[in-house]
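Engineer: using only what follows, build the 3D model:
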Amino acid sequence: MTKKQLTPPLRNFSVVLVLMLAAPLATVSQTAEPATAQTSDSALYARLMPLVEAFRGRVGVYVRHLQSGRTVTINADEVFPTASMIKVPIMVAVFDAVEAGRLVFDQKLLYTDSLLYEGEDILGAFADSSEIALSKVLMLTITTSDNTAALWSQHLAGTGTRINELMEQNGFLNTQVNSRTPGHRRLAPRGTCLNIGESLMRRHM
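Structural biologist: Prediction:
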């Protein structure tokens, strides 16, 4: 992707922090260790661990300061459901389609009730046959975590199959769209999600 195509909502990545809380009431792992001495931010690790230990569930943390390389990892290689983090790969695939000319960033789209994902989404409150720009669908996907907008974006990007192919092509083998996608394999470790953000910031995707 070019800088021009990434500019709309994905440009301002400076520091990426991933903190995932999942599976309430499960047992917290007590084996978490800080990263190696060369890169570990021991002060931040000491501040985060009490929060991890107090949470009644599984916690995965991966923090990296992109300029200094200082890192904290707590269960970072465990596999967690991606939840709304999967919307970042969806956005990547939409911008890939824009760059390839399959979509136009400001093109007008027609929303229909058949696209509705039941919930409290903003897009889901639109009237049937309403017109909306692709750019606004993406804005709702990434800023309000709108599930109706995200699933529509996933379809426009070429479905989950295309998104998974794009992730694999860029080396993110463990990040997979599962929803409405046949043959899915795995969910994402926390570090993988951070690495996608860093790749976007450094214009490697």
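Engineer: can you tell me the SS state at residue 167?
Structural biologist: helix (DSSP: H, G, I helix; E, B strand; the rest coil).
Engineer: let me fix that, I meant to ask about residue 104.
Structural biologist: coil.
Engineer: wait, what's in contact with it?
Structural biologist: 98, 134 (C-beta atoms under 8 Å, 6 or more residues apart in numbering). C-beta here means a position set from N, CA and C on the backbone, and glycine is covered the same way.
Engineer: residues in contact with stretch 106-116: which ones?
Structural biologist: 123-124, 126, 128-135, 137, 148, 151-152, 156.
Engineer: let's see 6 Å
Structural biologist: Residues outside stretch 106-116 that contact it (C-beta atoms under 6 Å, 6 or more residues apart in numbering): 124, 126, 128, 130, 131, 132, 133, 134, 135, 148, 152.
Engineer: so which of those residues comes closest to residue 61?
Structural biologist: residue 148 (30.1 Å; C-beta to C-beta).
Engineer: that closest one: which element?
Structural biologist: helix 147-157 (DSSP states H and E).
Engineer: how about that helix: buried residues?
Structural biologist: Neighbour-count burial for helix 147-157 flags 147, 148, 149, 150, 151, 152, 153, 154, 156, 157 (criterion: 16 or more other C-beta atoms under 10 Å).
Engineer: just send those back as CSV, with pLDDT and distance to residue 54 too.
Structural biologist: CSV is the format used below for the buried residues of helix 147-157 (pLDDT from 0 to 100; distance: C-beta to C-beta, whole Å):
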residue, pLDDT, distance to residue 54
147, 95, 30
148, 97, 35
149, 97, 34
150, 96, 31
151, 95, 35
152, 97, 38
153, 97, 36
154, 96, 35
156, 97, 41
157, 96, 39
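Engineer: so can I have JSON lines of those residues showing distance to residue 61?
Structural biologist: Formatted as JSON lines, those follow (distance: C-beta to C-beta, whole Å):
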{"residue": "147", "distance to residue 61": "25"}
{"residue": "148", "distance to residue 61": "30"}
{"residue": "149", "distance to residue 61": "28"}
{"residue": "150", "distance to residue 61": "24"}
{"residue": "151", "distance to residue 61": "28"}
{"residue": "152", "distance to residue 61": "32"}
{"residue": "153", "distance to residue 61": "28"}
{"residue": "154", "distance to residue 61": "27"}
{"residue": "156", "distance to residue 61": "33"}
{"residue": "157", "distance to residue 61": "29"}
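Engineer: what's the weakest-modelled helix or strand in this structure?
Structural biologist: strand 16-22 (a mean of 32; mean pLDDT, DSSP states H and E).
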